[in-house]
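> Fold the following, please.
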Amino acid sequence: MSSRSIDHFGGALSDAVRLNVCRNISSNLSSDNNGTEDLLKRIENLLEENAFVEAERRVQADEAVRAFVKGRSRLVQEGEETLKELEESVAQVGDCLRTAKPFLTGLHEEDLTDAEATLKEVRTAETQLEYLKWLELFHDQSDRIRSSLACDSTSDAMAFLQTLMDWCEHFRSSSCIRLRDYLHDITVYWTTLVCDHVARELPAILARIGFPRPPSVRNPETNIVDSRSRNEIADIVTLLLRLRLPDYIKPLSPGVDTPFLHELLPLKYFIAPLEKRFRFHFFMSDKTNRLDKPEWYFTQILSWIRDYGDFIDDLFQLSFRGEALRSSKSDFALGLAVLGRSKFLSSLSQLLEDGSLFAHAMDELLTFAKTLRALGYESVQRTFCTILVQPEVFHPWFAAETSLAESRADAFLASPTAWNCQYQEEDGSPEDAKAPECAQQFITMLKGITDRYSLLPSSLPQFDFLSLQLDLVEDFNERLKSHYEANQEDTEQCARIILPTQATATKFVGEVLADMASTPLIVELLSLSDSRSSPECGRKAKSLAVRLTSILDECNRLARESYLTHLRNDTLDSIHGLVREFARQGWKSMPAVTEFLVASMTPAMGELLYVTKTLISSQRDRLLTSLFTRYTNTLMQALDQILLEEVIYDNTFSTGGASQVKFDIVNNFAVVLGRLVHLPHAGLSRTMEACNVLTINRGSAMLLVELFEGGGAAPKADKKQHSDDIRKALGEMNLLLLKPEEVELILHRRSDLDV
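Model prediction:
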């Protein structure tokens, strides 16, 4: 026996057999040659027995492989034979058709149709065989992956899986929808198994580094991950990153978390321990799985994001070095957010049975999304909020928002303090503080709606919410008009409270709506009408832009014209009777002012001044400054005309009466109101000039009378010169606003001129 055979023997046998052989050699070894020969014979017998066993194992393996190949190749072989027969048949049919071509012109149309139908059936059969061929390829590839996993050959399994992914790309534009979906399903299935095989050692590694115990409660020394564990994790994560599926491969099977097959694949195995706890507490446990406490599971997710975010980011920095556009920290947060989304959807059917529970759950969901954005996870928030546009969530949410907004608008206007200004007692309060409580609450509601639907990831549902806001503004304006119409008989109440408050409310709502329309969100939505967006988006954007402009114009018209016009008329109606009472004073028989030690107002002027001042003061406190300025201009112009017509033109004044009316109007009424309205002479300039005409000295007044009477019979050219002389004389007397005929009429109201 050669040493080469012995070496071969030692290398082929296991350690136990080799140890047994050595013991036999030691026990039977003797100094004589017979012992040596027996030893060699035993060694040869063992070698022959080992060779026989190995040959038998190879034969069995070859038979298994041949049976496997034969069984899997049978269907392909039969398909190829059938395809070959069909090809021969097609060739024969073609030959027959070419031979019969001269006679085809004489055939009937029905015969040609039958021939075309036969060819169509042949082509259909070819397609079906091709279909079966692809199915056989799918099955063979699945068997290869299964065999590789059974033999613990991860690289081979990944290579075979990559072939399935390549076929998915090949079938991406195929019209064979069912075949493509079947390929996607088996690709997802084998991807899951291969990933689980790759990550089979990951739980032990995570347990070694103390995960998922929060880093904040661990000993700082244990938070440091050793290089060996870090490298092992990096190797596993690198392989998992290679196994991520393209986005177009979607599983059809229910219950498959799509994100964990695509961008979140490596994080799946790090989230698994937390997911187990999450499902126990919020899917099973009666104490923590409560419909009325959705904030519990959202708070738990946020707590995990804060606790593990930095730890995961540090752990994955080696593996994600080549992923420039990805962040392991964000992917981890998204994976946890997916858990919250699945919990919300699982309880949705129960939440919809109780409107209050559903509204509370939606509030907590939106708060969770805002918190994600506040923590810097904007991409996670956008992905998470895709749940909001799912029909089973969006439609009941939109219906709840609409119902709640309408009921709240009713409550705002029905409140006892609806028309009170919340900050009217504070000095130096901003202009917006003059808006009534109902308008303030209404605007807060509109802004809250905008804040909520700004989280939506697509424009079409945002259009629905914007349309709802415009509907609410239109309805709010209609309610204000109805409230005025119901109370318009009480002119004093309308002039003091209702009309100035409603004008301010309408103007305030219009201004805030205009500010909202200039925000980036609304500007971007309305600009879709000019972009290459979908036709539906373009139509909605254009329609809403027109509606928004119309509503803003209507708010401005109501506030600046309609309400202010009614306010002026109601104010004049409230004081018109007092003006008539003031006009009925005995101006013709009043004694001269020199007979009194101190001049004093007439009682009628005192009452008129008090009522007018009270009304205007109340209106100033309730009207925005721009509205108050516009309103007082028109009010004082109308009041100026009323005083002229009913006090000056319709009375005759003695010297004492003229002095008294001037004292009442110029020294008191105009001075007090001028401080309120901030207008020169309180806007009563024509009345003040009329008072000056009544009180100029008698000589100047007689000269004016003679000047007016001097051009009665003059020629036309002289009349023009006479008119210029009158205007010049009036200008010298600082009478610039009254017309000459008005000055002449007023002069005739002086009893001391005898004209």
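> What segments of the stretch 101-250 of the chain are helices?
Taking DSSP state H, counting those that start in this stretch, the helices of the stretch 101-250 of the chain run over residues 101-104, 109-150, 154-170, 177-198, 202-208, 227-242.
> Run through who's touching the fourth one.
Applying C-beta atoms under 8 Å, 6 or more residues apart in numbering, the contact partners of helix 177-198 are 131, 134-135, 138, 142, 145, 149, 154, 157-158, 161, 164-165, 167-168, 171-172, 174, 236, 239-240, 243, 245, 249-253, 256, 261, 265, 268. The C-beta positions use only the backbone N, C-alpha and C, and glycine is treated the same way.
> and those residues, which are buried?
Among those, those classed as buried by 16 or more other C-beta atoms under 10 Å are 134, 138, 142, 145, 149, 157-158, 161, 164-165, 167-168, 171, 236, 239-240, 243, 245, 249, 251, 261, 265, 268.
> show me where pLDDT drops low in the stretch 351-500 of the chain?
Per-residue confidence for the stretch 351-500 of the chain (pLDDT under 70) gives these ranges: 422-430.
> let me redo that: the stretch 151-300 of the chain
For the stretch 151-300 of the chain, residues meeting the criterion pLDDT under 70 lie at 215-224, 251-263.
> Could you point out the helix or strand that follows whatever helix or strand residue 514 lives in?
Secondary structure from DSSP states H and E places residue 514 in helix 499-517. Downstream of helix 499-517, the next assigned helix or strand under DSSP H and E is helix 520-526.
> Report all helices and strands that that next one contacts.
Helix 520-526 is packed against helix 459-487, helix 499-517, helix 535-557, with contacts defined by 3 or more C-beta pairs under 8 Å, 6 or more residues apart in numbering; DSSP states H and E.
> Okay, now the unreliable bits of the stretch 601-750 of the chain?
Low-confidence segments of the stretch 601-750 of the chain (pLDDT under 70): 711-718.
> Now do the helices in it.
603-622, 625-643, 655-662, 670-677, 685-695, 698-709, 716-732, 740-747.
> ok, the residue nearest the centre of the chain to residue 466 distance?
Nearest to the centroid of the C-alpha atoms of the chain, with distances taken as C-alpha atoms, centre = their mean, sits residue 454, at 2.0 Å. From residue 454 across to residue 466, the span is 11 Å (C-beta to C-beta, to the nearest Å).
> Give me the phi and psi for residue 455.
phi -80, psi -10 (degrees, to the nearest 10).
> what's near enough to touch it?
By C-beta under 8 Å, 6+ apart, the neighbours of residue 455 are 366, 369-370, 381, 385, 388.
> Out of the residues you listed, which is nearest to residue 432?
residue 370 (24.9 Å; C-beta to C-beta).
> by contact count, what packs against the one helix or strand residue 405 maps to?
Following DSSP H and E, one finds residue 405 within helix 391-414. Counting contacts by 3+ C-beta pairs under 8 Å, 6+ apart, helix 391-414 packs against helix 355-374, helix 437-453, helix 459-487.
> Let's see that with 6 Å instead.
helix 437-453, helix 459-487 (3 or more C-beta pairs under 6 Å, 6 or more residues apart in numbering; DSSP states H and E).
> Poorly predicted segments of the stretch 1-150 of the chain, please.
Where the stretch 1-150 of the chain drops to pLDDT under 70, the residues are 1-39, 50, 53-55, 57-79, 82-83, 86, 93-94, 96-112, 115.
> swap the cut-off to 90 and go again
Counting by pLDDT under 90, the stretch 1-150 of the chain shows low-confidence ranges at 1-138, 148-150.
> What residues of stretch 485-498 count as buried?
Of the residues in stretch 485-498, 491, 494-498 count as buried by neighbour count, 16+ other C-beta under 10 Å.
> The residue nearest to residue 167 when sequence neighbours are not counted: neighbouring residues, count only.
The spatial neighbour of residue 167 that comes closest, neighbours along the chain excluded (C-beta to C-beta, 6 or more residues apart in numbering), is residue 183 at 6.1 Å. Using other C-beta atoms under 10 Å, residue 183 has 24 neighbouring residues.
> Would you quantify the distance from residue 183 to residue 192?
From residue 183 to residue 192 the distance is 15 Å (C-beta to C-beta).
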